[in-house]
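> Need coordinates for the below:
(one chain, ligands or ions: 1)
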Amino acid sequence: MSCDCCPSTPARSANCPACRQAGAAVGATTLLHQLATPWQQPPGAEPHYFCNQRDCPVVYFTASGRQFSAEALRQPVGQKSNAAGRTLCYCFDIRYSDLADPGATRQCRDFVIQKTRDKVCACEQRNPSGRCCLRDFPTEEE
Ligand SMILES: [Zn+2]
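As a prediction, this is how the structure comes out:
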């Protein structure tokens, strides 16, 4: 549970008001880099959560009912699309269509893993989820 006095320790997840699925907490840094005209809709201290359900229109939400849909963001949200050209890795612009076969998938995955180790990723700023893109990669079996 979160409390009003400790915005730095929000609940790790909360259920999306639209689809009822769990959304993971995102930091204010992510919101400030993702929202269009963030000065007109500052995140504030309340914890925000990211809904990664593809068919749900809500991208960010708070426990008090604040919601942001894709139109409130400055770039398309890859997690909300099944288009071939959707972005998987926002740090290095890897698209779903770049993973044409298992070899290409492995090459992209290994590249991201190496860059993560090198600490040159910018997931918190660039990815709408605020997290590493590897979780959005298809599994080897797909
Ligand atoms: Zn949702």
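> Might one say that residue 131 is in contact with residue 123?
Yes: using CB atoms under 8 Å, residue 131 is in contact with residue 123, at 5.7 Å. Just so you know, the C-beta spots here come from the backbone N, C-alpha and C atoms, and that holds for glycine as well.
> And these two? Which one has more around it.
For residue 131 versus residue 123, neighbours defined as other CB atoms under 10 Å are more numerous around residue 123 (19 against 16).
> Quick check: the more buried one touching residue 133?
Yes: here residue 123 reaches residue 133: they are 6.8 Å apart, a contact under CB under 8 Å.
> Now do the shared contacts for these two.
90-91 (CB atoms under 8 Å, 6 or more residues apart in numbering).
> Would you mind listing the buried residues in the lengthiest helix in the chain?
The residue-count maximum for a helix in the chain (DSSP state H) belongs to helix 102-117. For helix 102-117, a neighbour-count test (16 or more other CB atoms under 10 Å) marks 105, 108-109, 112 as buried.
> before we move on, what about stretch 86-94?
Neighbour count says stretch 86-94 has 86-92, 94 buried, by 16+ other CB under 10 Å.
> Columns secondary structure and distance to the ion on top of those residues, output as TSV?
TSV is the format used below for the buried residues of stretch 86-94 (DSSP: H, G, I helix; E, B strand; the rest coil; distance: CB to the ion, whole Å):
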residue	secondary structure	distance to the ion
86	coil	17
87	strand	19
88	strand	20
89	strand	22
90	coil	20
91	coil	24
92	coil	27
94	strand	24
